[in-house]
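Visitor: next input, structure requested:
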Amino acid sequence: MYGFEAMTFNIHGGYLEAIVRGYRSGLLTAADYNNLCQCETLDDIKMHLSATEYGPYLQNASTEASSLQITEKGKGRLKNQSSGARPLKDWDATQ
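Guide: Numbers count the residues shown, from 1 in each chain. This is a model prediction of the structure:
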């Protein structure tokens, strides 16, 4: 990528790279993970995750949420995000 390819990278891969970088910013941080490790009940975990980007997905979880339900809600968030991570149609510079 030292020649002409570097000049056209953003045309082909820039959009998808920006989307993935945005998704990365929504991942749990090391501090979030450490706080989750200190939680004693599932309600504590749900309360902590509600302050992150997982919050809107956990709002519909019942008050007596099971670990399976919390896991499925988290996977739902990742599934919704990954469905939007598709490259744009290839652009032909000769047209």
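
Visitor: tell me the buried residues in stretch 44-51?
Guide: Neighbour-count burial for stretch 44-51, with 16 or more other C-beta atoms under 10 Å as criterion, is recorded at 45, 46, 48, 49. C-beta: built from backbone N, CA, C; applies to glycine.

Visitor: which one of those residues sits closest to residue 67?
Guide: When the buried residues of stretch 44-51 are compared for distance to residue 67, the smallest value, 8.4 Å, is given by residue 45; criterion: C-beta to C-beta.

Visitor: what's the closest non-adjacent residue to that closest one?
Guide: If you skip the residues right next to it in sequence, residue 45 has residue 39 as its closest partner in space, 4.7 Å away by C-beta to C-beta, 6 or more residues apart in numbering.

Visitor: a markdown table for the buried residues of stretch 44-51, including secondary structure?
Guide: Listed next are the buried residues of stretch 44-51 as a markdown table, based on DSSP: H, G, I helix; E, B strand; the rest coil:
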| residue | secondary structure |
| --- | --- |
| 45 | helix |
| 46 | helix |
| 48 | helix |
| 49 | helix |
